[in-house]
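# here is my input; please provide its structure:
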Amino acid sequence: MTTRLALDHITAVDATPVQLAQKAQAAGCAGICLFLEPMAVLPLMPHFDIVGDRRARADFKRVLQDCGVSLDLAYPFTLAGRTDPDGFEQALECAAELEAGLINVLAYDRDPARRIDVFGRFCERASAHGLRVAVEFYPPSQVRSLAEALDLVRAVGRPGQVGINVDLLHLMRSGGTLEELAGAPAEYILYGQLCDGPAKAPDDLDAEASSARRLGGEGDFDLAGFVRALPEATPLSVEIPRNHAIAEPRDMRATRAVESVRRALAQQ
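Below is the predicted model:
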C-alpha cells in the first residue's frame, strides 16, 4: 500500500497556495502543509493573501476540493514573549474555513511560565475554531527537543487535541533518537515530517532547516525507521527545501522530493 504523503510548502517554496495544491496533486500527494501567509525569512515565497482576502480564500478552497487535496497543517503561528493569542483570530478563522487538520506552533518565549500560559491560551483560541494544535520542537527555538515539547503539551493537558509535530531533521539535530520517539505517548504525537540529511550538523541550523535539506536516500537519516517509530497512521509530509535547485521547474522539484521519500520508505 502506498504511504499517504503531504507536500510541504517549503519543498516548493516559490509556489502560491493554488500552485502548491496543484503540485501536490501532480506529485501524488493527498495533502499539503501550507503557509497561510508569506514570511520574510522565506524570501523565495511569492506574495499572496488568503487570510485577509476572503475571495482568494474561497477560490483556494475550491482548488483544494477540485484537486482532492486536504490542508494537513497550517503555518505560521509563532509564539514569542510579546505575543497576544487574540492577534491570531483572523488566521485561525482562515485555517478553520480551509478545514486544516492541524495548526503548527513554534515557541520562542524565553520565560517558561509565560510560555506555558500563552501556549495554553492560544490552544483555547484554536479550540474555539474547532482546530487542533501541534507544537513543533526546533533546536533554535525555546522548545528545543521532543522532551521539552512533551513537557509543554502535558502542561496544557489536551491529548489528541494538542500535541507534537515531529520533524525528522529537528529530532536528529536536537540529539533525539528513534527509540526516544517510539517511547513517547502516542496520544501526543500528531504529525511527522520527512527529509534526509547528513549525520553531522552544519553550523547554521536555520539555513539547513529552511533551505538546504537533502532528498530521501541522499543523507544518513533512517526515514523508514522514523515512520516505524511514529504511532501507526500518523500523517506524514515531505519537507525538503532545496534552494540551490530553485532553477529547476517547480513540478520537477516537488516530484523528485516526494519520489525520493517513497523510495526511502520502501527500503524497510
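# make sure Pro140 is actually in contact with Glu208.
No. At 10.6 Å, Pro140 does not count as touching Glu208 under the criterion of Cβ atoms under 8 Å. Yep, even glycine has a C-beta here, placed from its N, CA and C like the rest.
# ok, these two, which is more surrounded?
Each of Pro140 and Glu208 has its neighbours counted (other Cβ atoms under 10 Å); Glu208 has more, 19 against 13.
# who are the packing partners of the helix or strand containing the more buried one?
Taking DSSP states H and E as the definition, one finds Glu208 inside helix 205-211. Where contact means 3 or more Cβ pairs under 8 Å, 6 or more residues apart in numbering; DSSP states H and E, helix 205-211 is packed against helix 168-173.
# show me what the helix it packs on packs onto, helices and strands only.
strand 189-194, helix 205-211, helix 223-229.
# averaged pLDDT, that helix. What do you get?
Averaged over helix 168-173, pLDDT sits at 98.
# pick the most buried one from the helices and strands packed on helix 168-173.
Mean neighbour count (mean count of other Cβ atoms under 10 Å) peaks for strand 189-194 among these, with a mean of 25.
# got the contact list for it?
With contacts defined as Cβ atoms under 8 Å, 6 or more residues apart in numbering, strand 189-194 is touched by 5, 8, 33, 72-73, 102, 132, 134, 163-169, 181, 216, 223, 226-227, 230-231, 234-240, 261, 264-265.
# wait, Ile116 sits on Arg154?
No. In this structure Ile116 lies outside contact range of Arg154 using Cβ under 8 Å: 10.0 Å.
# who's more crowded, those two?
With neighbours defined as other Cβ under 10 Å, Ile116 and Arg154 compare such that Ile116 has more, 17 against 14.
# what helices and strands are in contact with the host helix or strand of that one?
Ile116 belongs to helix 112-128 when assigned by DSSP H and E. Packing contacts for helix 112-128, counted by 3+ Cβ pairs under 8 Å, 6+ apart, involve strand 70-79, helix 89-97, strand 102-107, strand 133-136, helix 146-156.
# how about CSV for the ones you listed, with mean pLDDT and distance to Tyr188 added?
Formatted as CSV, these follow (pLDDT from 0 to 100; distance: least, Cβ to Cβ, whole Å):
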stretch, mean pLDDT, distance to Tyr188
strand 70-79, 97, 16
helix 89-97, 97, 21
strand 102-107, 98, 13
strand 133-136, 98, 10
helix 146-156, 97, 5
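# specify the stretch among the ones you listed that is closest to Lys61.
Nearest to Lys61, of all those, is helix 89-97, at 6.9 Å by Cβ to Cβ.
# would a markdown table of the helices and strands packed on helix 168-173 with mean pLDDT and distance to Pro46 be doable?
Shown next, in a markdown table, are the helices and strands packed on helix 168-173 (pLDDT from 0 to 100; distance: least, Cβ to Cβ, whole Å):
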| stretch | mean pLDDT | distance to Pro46 |
| --- | --- | --- |
| strand 189-194 | 98 | 22 |
| helix 205-211 | 94 | 16 |
| helix 223-229 | 97 | 29 |
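# for Ala26, give its distance to Arg250.
10 Å (Cβ to Cβ, to the nearest Å).
# who's more crowded, these two?
Arg250 (18 against 15).
# that one contacts Ala12, doesn't it?
Yes. In this structure, Arg250 is within contact of Ala12 by Cβ under 8 Å, at 5.4 Å.
# find residues that contact each of the two.
19, 23.
# distance to Leu42 added to the helices and strands packed on helix 168-173, as a markdown table?
Below are those laid out as a markdown table (distance: least, Cβ to Cβ, whole Å):
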| stretch | distance to Leu42 |
| --- | --- |
| strand 189-194 | 16 |
| helix 205-211 | 7 |
| helix 223-229 | 24 |
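# select, out of the ones you listed, the one closest to Thr255.
Closest among the helices and strands packed on helix 168-173, using Cβ to Cβ: strand 189-194, at 15.1 Å.
# got the CA coordinates for the closest one in CSV?
Only the C-alpha atoms of strand 189-194 are listed here, as CSV (Å, rounded to 0.1, in the frame of the first residue of the first chain):
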residue,chain,number,x,y,z
ILE,A,189,2.4,12.6,18.5
LEU,A,190,0.1,14.1,15.9
TYR,A,191,2.3,14.6,12.8
GLY,A,192,5.6,13.6,11.2
GLN,A,193,7.8,15.4,8.6
LEU,A,194,10.3,13.7,6.4
